[in-house]
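Asker: Task: produce atomic coordinates for the following.
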Amino acid sequence: MNHLTPLLVLLSMILPRASLAQGGETLKNRMNELHSILLNLNTDLAKDLPFPGSPQHQRVEVRMERFSSLAHRITARTEDNGMGQLLPILGEALPEQADQMTSAWKLGQTSYARGVFRTLSATCLECHAANGPKSPVTPRIQETDLSAWNPIDRGRYLRSAGLAEKAYEEFKRVITRPGTVPDLTLTLEDALYELLSLEIGTSGSPERVVQVIRPLLERDDLPRYLKTDLAGWIRDLDTWKREGFSKPKKNGTTQLKTARSHLRKAKALQESPTDRSSLVWYWRAVAELYGTLKENLRMEQRAEALFLLGSAFEVLTPRHQETLHERLYEACIHALPHTPRSDLCYRKLERSVIAGYTGSAGTRVPEEVRKRLLELWGTAFLKKGLELR
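Answerer: Predicted coordinates for the structure are as follows:
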């Protein structure tokens, strides 16, 4: 799957614009080189993965090493107000994940290395969605380069470039003509998920989504759980329509209050942790919370917004953005350390991290991850909670 090129969006957005001006032609050349590497990697990893030790495997390794080197030369934490508060949070992990990818590839763990790319790309796309269509840096896109991509990957990248209408058409094509793509159920789910998040996040009036998904309820080849989810989406979109398809209000305190209300409704409708029938309420909450990060909130409110975003994404993106919620919980800890809020964020983060390293062979959390958790624990807990360690 082609999830690689959208990484350029994240790299572009987290580069401080002041540095772009000061670096002159040198930095421009670096970015051109980075773009070239990503396009090449995108082509390489779209094919069958090469056998370790083969010339193709070695060529990809050289490109990944260069990518990691460039990633370490990017400053994610920037004071540039135009960059958006969420972007530095999610971009901070880029060097670490780039190193993980490169190391895995060298060890012959090619599938894992490609999986890291997928996670990075998904995070990149949501970064751009959070900042909205008026992002200070939007990639220039050559659509001819995307002609060989499958529609979902192409739609994700078009969305990251701010081309919402073209992205909508790609996702709609998968939904209305599913026979053109393999793996019907998962591919259709992906397209539906992307379409819903795109429309709620950009248009604020996703009435046309109902027109696309309602006919699917009559299809005999869809599993019952998916039809149940779709019926829930239609129900909640109809509720939103009766409310007048109200858009998020430009007031941080009001948006936070509204997000709390949306999340309460979402959880009340959720019959189990894996139930995705109330995603409309979750995405409406996310749209409000993204707005709060653009306002001058008190630190207590900012920490709560980050916690609520983490809680929402823990439900919303289990397949494409496996670590997004963990980054948000970590940011919550740093925003308001040694408080009940950071205590709660740490416990949610720790549970997620340990679950992520648990499988048939037991729980094996890498030493560097344990050290990171220990540092965060020291930042998060109230003094009276220290005896828990």
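
Asker: Please tell me how far residue 245 sits from residue 337.
Answerer: 39 Å (C-beta to C-beta, to the nearest Å). For glycine as for every other residue, the C-beta is placed from the backbone atoms N, C-alpha and C.

Asker: And residue 252, how far from residue 332?
Answerer: When residue 252 is compared with residue 332 (using C-beta to C-beta), they lie 16 Å apart.

Asker: So for the two, which residue has more residues nearby?
Answerer: Taking neighbours as other C-beta atoms under 10 Å, residue 252 and residue 332 compare with residue 332 leading, 29 against 21.

Asker: What separation do you get for that one and residue 299?
Answerer: 11 Å.

Asker: likewise residue 176?
Answerer: For residue 176 relative to residue 299 (C-beta to C-beta), the value is 47 Å.

Asker: same question, residue 308
Answerer: Distance, residue 308 to residue 299, by C-beta to C-beta: 15 Å.

Asker: Looking at the two, which has the bigger crowd around it?
Answerer: Neighbour count, other C-beta under 10 Å: between residue 308 and residue 299, residue 308 has more, with 22 against 12.

Asker: tell me which element that one is part of?
Answerer: helix 299-316 (DSSP states H and E).

Asker: For that helix, C-alpha coordinates in PDB please.
Answerer: Output of helix 299-316 as PDB, limited to C-alpha atoms (Å, rounded to 0.1, in the frame of the first residue of the first chain):
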ATOM      1  CA  MET A 299      -3.300  25.000  30.900                       C
ATOM      2  CA  GLU A 300      -6.000  23.000  32.700                       C
ATOM      3  CA  GLN A 301      -8.300  23.300  29.700                       C
ATOM      4  CA  ARG A 302      -5.500  22.500  27.300                       C
ATOM      5  CA  ALA A 303      -4.600  19.300  29.200                       C
ATOM      6  CA  GLU A 304      -8.300  18.300  29.200                       C
ATOM      7  CA  ALA A 305      -8.600  18.900  25.500                       C
ATOM      8  CA  LEU A 306      -5.500  16.700  24.800                       C
ATOM      9  CA  PHE A 307      -6.900  14.000  27.100                       C
ATOM     10  CA  LEU A 308     -10.300  14.000  25.400                       C
ATOM     11  CA  LEU A 309      -8.600  13.900  21.900                       C
ATOM     12  CA  GLY A 310      -6.600  10.900  23.100                       C
ATOM     13  CA  SER A 311      -9.700   9.200  24.300                       C
ATOM     14  CA  ALA A 312     -11.500   9.800  21.100                       C
ATOM     15  CA  PHE A 313      -8.700   8.600  18.800                       C
ATOM     16  CA  GLU A 314      -8.300   5.500  20.900                       C
ATOM     17  CA  VAL A 315     -11.700   4.500  19.500                       C
ATOM     18  CA  LEU A 316     -11.500   6.200  16.100                       C
END
